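Peer 1: Compute the structure for the input listed below.
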Amino acid sequence: MIDYDKSSSDYTKYFQNDNVTAVDFVASKTTNTNKQIMFIKVKDMRGNEENNKKKLRNSAEVLTITIAKNIRNTFYGIILGCRKTIATNNTEWKKLNEILVDANNDIKVVLWLEANLSVIPTAPTLHSINRKLKTKLSKLTNFVIVSNRNNPIATITVT
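Peer 2: Predicted coordinates for the structure are as follows:
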């Protein structure tokens with residue numbers, strides 16, 4: 001797993017200059033029959049409910065657009081990172097790039113959303129946010145999970 005935000009590759013420096021945001025973590029898994037890449041975005045929206053009402057309005061339209069852009073920017077960053085690091089033989093970036101460009105491989109997206117949705121009267125449910133995000137990412141993947149500590153994913157441990 002790569003802590004994408006803290007990586008020191010060329011793409012990170014490029015993005016920081018343009019204030020472009022991406023996912024927080026990128027993980028990959030390779031088996032004999034399958035390769036997977038997982039984009040993980042962690043959003044902690046607790047404590048600022050007034051500001052969060054705007055992001056969560058209209059079934060979280062602003063939030064899901066932002067997350068979809070984070071995925072797009074991460075794609076771009078991995079490809080740029082691979083192109084910039086080919087000379088240094090950075091195998092991790094090459095591996096991620098190979099998974100991305102092969103349509104037979106699985107791409108998974110996880111939004112870990114910590115939010116106090118119960119105190120925002122018009123806040124959507126995690127299920128409706130998941131549906132909206134899945135629609136936005138439908139050309140990329142059908143595997144989208146929106147979860148949090150109260151609704152954990154069986155195969156992911158958060159400490």
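Peer 1: how about the strands in this protein?
Peer 2: Using DSSP state E, the strands of the chain run over 2-3, 25-30, 35-44, 106-114, 143-147.
Peer 1: could I get the ones you listed as TSV with mean neighbour count and distance to residue 64?
Peer 2: In this view, the C-beta of every residue, glycine as well, is placed from N, C-alpha and C. Shown next, in TSV, are those (neighbours: other C-beta atoms under 10 Å; distance: least, C-beta to C-beta, whole Å):
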stretch	mean neighbour count	distance to residue 64
strand 2-3	14	24
strand 25-30	17	19
strand 35-44	19	11
strand 106-114	20	9
strand 143-147	21	9
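Peer 1: Now tabulate those strands in a markdown table and tack on mean pLDDT and distance to residue 71.
Peer 2: As requested, the strands of the chain are exported to a markdown table (pLDDT from 0 to 100; distance: least, C-beta to C-beta, whole Å):
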| stretch | mean pLDDT | distance to residue 71 |
| --- | --- | --- |
| strand 2-3 | 78 | 15 |
| strand 25-30 | 88 | 10 |
| strand 35-44 | 91 | 6 |
| strand 106-114 | 91 | 6 |
| strand 143-147 | 92 | 10 |
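Peer 1: Adding distance to residue 130, write these out as CSV.
Peer 2: Converted to CSV, the strands of the chain look like this (distance: least, C-beta to C-beta, whole Å):
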stretch, distance to residue 130
strand 2-3, 24
strand 25-30, 19
strand 35-44, 13
strand 106-114, 8
strand 143-147, 4
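Peer 1: Between those strands, which one is closest to residue 80.
Peer 2: strand 25-30 (13.5 Å; C-beta to C-beta).
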